[in-house]
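Visitor: What follows is a predicted structure for the sequence shown.
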Amino acid sequence: MRKLLAILLLLPLAATAQVKIPKDANRFTYWQFDYGEKTDTAVITVERNPDGSIVILTPKPEGKLIPGYCQTVTSADYTADSITVTAYYDDSAYYYRSPFSRSDLEWKVEGNHHTTSVNSNTLVFEMNERTPVNVNPLPYYGLNKGVLLSFTRNGQLRMKLAKAEKVKLTTRETSRILPTRRVSPRELDRIMKERLVVTTRIFDHEQICWGKKNAHIDGGIRAIPADTVLHYAGGTLILKKVKLPRLPHHYQHFVEIHQQSNGDAYDRTGSLFIVTPGFFEGINQHPDSLPTFVGRDGQRYQGMISQTGYDAPLELVRFFTPFGVGHFNERMAGYGIDWRDKTYYRQEITDLYHFDGDVVIGAWIGNYDGGGHIVTVDIKSYPNDYTIPEDNTEESGLALPLFNTCNVLEMAGQNYGKLFATDSLTVIFKLYPETNSAKLRYISTGHGGWGEGDEFVPKTNTILIDGKPAFTHTPWRQDCGCYRDLNPVSGNFWNGLSSSDFSRSGWCPGTATQPVYFDLSPWADGREHTLTVAIPQGKPVEGMFSHWAVSGVLIVEY
């Protein structure tokens, strides 16, 4: 198809009105554009039957097709005033039939230009009405007599007639017999999109709470049984080994998390992460079995920094539960707010998706409640092409965890990330000259839940390379009041504000923290470099202390 497009685009772009339309023409070829006449997406063919009805065909892509691909055929019968759209899969077919004419659109006709508006978009159909032939590759907009010459949306050319000719029509391959079901237009659209999405269920309504018996696996991470949820850290951490599919590199990957309170009323830190083999030893045994350093404050910090032979957990999503959504909604009924049933977090992880096959994924919510929280987690993968490239087995990059002070083993004895009061955090990295790009994916949230604690005071995070300041970032969220309907039992104050309204250091109750990125490409010289994180952490007050949960992943593209 691309060769055909290349040939067509080398031809002079004659005005659409100059395309000759034979009276007996039965095949019409259209160019479809993304942005003007320089970027093409497809060639669409319209075939006209002897009875005047038309069939609109989108060519089947060349090459190996992705899972969920279907070929669609649209038939429009001018005499019967009907459109039929059919989606053909290998195992079934779905179709809908609807009227051709539309009464919900208002048309303005000036000469051969028919103009209407849909969803604030101005659509202009240039028609050749002097021919007795009726051909329109966009029939769902309405019954326009004549042949479509061009289609423009918001002043930008989207479709153009390239050729009209008389040919011998052949039997279409989609005319085979398949189990067929009639659906509505919206239902067909949903089915077609859902079948393209690859969904991997990670956790299904799993409870994260305090009071569960810890699992123990003899033989290490390789011995974890597949599709079995394991509880650790008193039940506040759950693990599962899942098989992630190998997909073409053009897919985009998203994590979706649904969470609701099962008894815990407070805003809690949560994390979804890849469990590395070395970190699993600390989960399965005790955090003290992890590589540990002693800070200048004399305290031990376990498993937070990657080093030779050990990788810290690779964080996918940092999220925060709201105050009691779901479990406490009924208690707060009549408060004047329609509380949501659950929290929904969705975050893209395409730049981290350099893994497939057996992967161990962990989810943690810090809490000491016997009911805790209920979570459902999916990874959803969306294609950006219909085919699988021949070089799909070649790895295009990698994601390496450098550090993670989010203490997901808090309830098993792992220390908080409060080292920044007396220390900075330093790791070593090396990038080779053949690297196309390299960046640090950085997540930072401050904690200390009193008026002058770091949760409520902006603090600048400084990233130093080889001891010299390279980047700064001040994590701060000022939109927390937008999520009031997720926080039924948030503390309420005399002035009308609620605790969940207050701005915080990189997070809000009921949200996921967005990562920030720093370009490390200038240090791709094959030498070792140090990367240091420095934060002016506040001092403890009357037994309360501030701490910072920071994670960094080195993302490299070749």
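Guide: Happy to help now that I have it.

Visitor: Please identify the buried residues of the one helix or strand Gln260 maps to?
Guide: For Gln260, the element it lies in under DSSP states H and E is strand 252-261. Across strand 252-261, burial judged by 16 or more other C-beta atoms under 10 Å covers 253-261. Quick note: C-beta positions are derived from backbone N, CA and C, even for glycine.

Visitor: name the helices or strands packed onto that strand?
Guide: Packed against strand 252-261 by the contact rule (3 or more C-beta pairs under 8 Å, 6 or more residues apart in numbering; DSSP states H and E) you find strand 269-274, strand 314-320, strand 343-348, strand 373-382.

Visitor: can you put the buried residues of strand 252-261 in TSV and add pLDDT?
Guide: Below are those laid out as TSV (pLDDT from 0 to 100):
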residue	pLDDT
His253	97
Phe254	98
Val255	98
Glu256	98
Ile257	98
His258	98
Gln259	98
Gln260	98
Ser261	98
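
Visitor: which one of those residues is nearest Ile388?
Guide: His253 (16.0 Å; C-beta to C-beta).

Visitor: so the closest one touches Asp378, yeah?
Guide: No. Here His253 lies out of contact with Asp378, judged by C-beta atoms under 8 Å, at a distance of 10.7 Å.

Visitor: And the pLDDT for Tyr517?
Guide: For Tyr517, the pLDDT comes out at 98.

Visitor: ok, the spatially closest residue to it that is not a sequence neighbour to Ile555 distance?
Guide: Spatial nearest neighbour of Tyr517, excluding adjacent residues (C-beta to C-beta, 6 or more residues apart in numbering): Lys439 at 4.8 Å. Look at Lys439 and Ile555: by C-beta to C-beta, to the nearest Å, they are 5 Å apart.

Visitor: Just the helices from the stretch 101-250 of the chain, written as ranges.
Guide: Counting by DSSP state H, counting those that start in this stretch, the stretch 101-250 of the chain has these helices, from start to end: 185-196.

Visitor: re earlier: parallel or antiparallel, list what pairs with the strand holding Gln260.
Guide: Looking at strand 252-261 with DSSP bridges, its partner strands are strand 343-348 (antiparallel), strand 373-382 (antiparallel).

Visitor: The residue nearest to Trp450 when sequence neighbours are not counted pairs with what?
Guide: Take Trp450 and drop its neighbours on the chain: the residue closest to it by C-beta to C-beta, 6+ apart is Met544, 5.6 Å away. The bridge-partner assignment for Met544, based on DSSP bridges, gives Val541.

Visitor: Could you report the neighbour count for Asp104?
Guide: Neighbourhood size, Asp104 [other C-beta atoms under 10 Å]: 7.

Visitor: And Thr532, by the same measure?
Guide: 18.

Visitor: what sits opposite it in the beta ladder?
Guide: Thr426, Leu464.

Visitor: just to revisit the earlier point, which pLDDT does the model give the residue nearest to Trp450?
Guide: pLDDT for Met544: 95.

Visitor: contacting residues for Ile379?
Guide: Counting by C-beta atoms under 8 Å, 6 or more residues apart in numbering, Ile379 touches 199-200, 202, 244, 253-256, 349.

Visitor: Pull up the distance across stretch 447-462, start to finish.
Guide: 17 Å (C-alpha to C-alpha, to the nearest Å).

Visitor: typed the wrong thing, it's stretch 338-352
Guide: Across stretch 338-352, the terminal residues are separated by 36 Å (C-alpha to C-alpha).

Visitor: low-scoring pLDDT stretches of the stretch 301-450 of the chain, where are they?
Guide: Applying pLDDT under 70 to the stretch 301-450 of the chain flags residues 392-395.

Visitor: Determine the number of other residues adjacent to Pro515.
Guide: So Pro515, with other C-beta under 10 Å, has 22 neighbours.

Visitor: The chain should start at 3 in everything you say after this.
Guide: I'll keep to 3 as the first residue from here, and by that count the last item is Pro517.

Visitor: shouldn't it be in contact with Tyr444?
Guide: Yes. In this structure, Pro517 is within contact of Tyr444 by C-beta under 8 Å, at 6.2 Å.

Visitor: Which parts of the protein belong to which domain?
Guide: Annotated domains of the chain cover 4-195, 199-559 [automatic domain parsing].

Visitor: Out of the ones you listed, which one sits most buried?
Guide: domain 199-559 (a mean of 18; mean count of other C-beta atoms under 10 Å).

Visitor: Ends of that domain, what's the gap?
Guide: End-to-end distance (C-alpha to C-alpha), domain 199-559: 25 Å.

Visitor: So what's the gap between it and the chain middle?
Guide: Distance of domain 199-559 from the chain centroid (C-alpha atoms, centre = their mean, to the nearest Å) equals 16 Å.

Visitor: ditto for stretch 159-173
Guide: Chain-centre distance of stretch 159-173: 38 Å, with C-alpha atoms, centre = their mean.

Visitor: Give me the contacts around it.
Guide: The contact list for stretch 159-173 (C-beta under 8 Å, 6+ apart) reads 10, 18, 21-24, 26-35, 38-39, 45-46, 49, 139-140, 149-154.

Visitor: now do stretch 482-495
Guide: The contact list for stretch 482-495 (C-beta under 8 Å, 6+ apart) reads 267, 269, 324-327, 330-331, 333-334, 337, 339-342, 345, 500-506, 510-513.

Visitor: Contacts only, for Thr352.
Guide: Counted by C-beta under 8 Å, 6+ apart, Thr352 has contacts 253-255.

Visitor: Now do the phi/psi pair for it.
Guide: Dihedral pair for Thr352: phi -60, psi -40, per degrees, to the nearest 10.

Visitor: Let me have the helices and strands packed on strand 254-263 in CSV, adding distance to Glu454 as columns.
Guide: Converted to CSV, the helices and strands packed on strand 254-263 look like this (distance: least, C-beta to C-beta, whole Å):
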stretch, distance to Glu454
strand 271-276, 20
strand 316-322, 20
strand 345-350, 28
strand 375-384, 29
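
Visitor: Select, out of these, the one closest to Leu125.
Guide: Distance to Leu125, taken as C-beta to C-beta, is lowest for strand 375-384 among the helices and strands packed on strand 254-263, at 27.0 Å.

Visitor: Report all helices and strands that the helix or strand that that closest one is followed by contacts.
Guide: Going down the chain from strand 375-384, the next helix or strand is strand 399-406, by DSSP H and E. For strand 399-406, the elements it packs on are strand 316-322, strand 427-432, strand 549-559, judged by 3+ C-beta pairs under 8 Å, 6+ apart.

Visitor: Need the ones you listed in CSV (columns: distance to Arg104).
Guide: Formatted as CSV, the helices and strands packed on strand 399-406 follow (distance: least, C-beta to C-beta, whole Å):
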stretch, distance to Arg104
strand 316-322, 43
strand 427-432, 59
strand 549-559, 47
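
Visitor: quick one: which of the ones you listed is nearest Thr182?
Guide: Smallest distance to Thr182 across these (C-beta to C-beta): 40.5 Å, for strand 316-322.

Visitor: and that closest one, C-alpha only, in PDB?
Guide: In PDB, the C-alpha atoms belonging to strand 316-322 read as follows (Å, rounded to 0.1, in the frame of the first residue of the first chain):
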ATOM      1  CA  LEU A 316      11.500  -0.600  39.700                       C
ATOM      2  CA  GLU A 317       8.500   1.700  40.500                       C
ATOM      3  CA  LEU A 318       5.700   1.800  37.900                       C
ATOM      4  CA  VAL A 319       3.200   4.000  39.700                       C
ATOM      5  CA  ARG A 320       3.200   6.000  43.000                       C
ATOM      6  CA  PHE A 321      -0.400   6.500  44.200                       C
ATOM      7  CA  PHE A 322      -2.100   7.800  47.300                       C
END
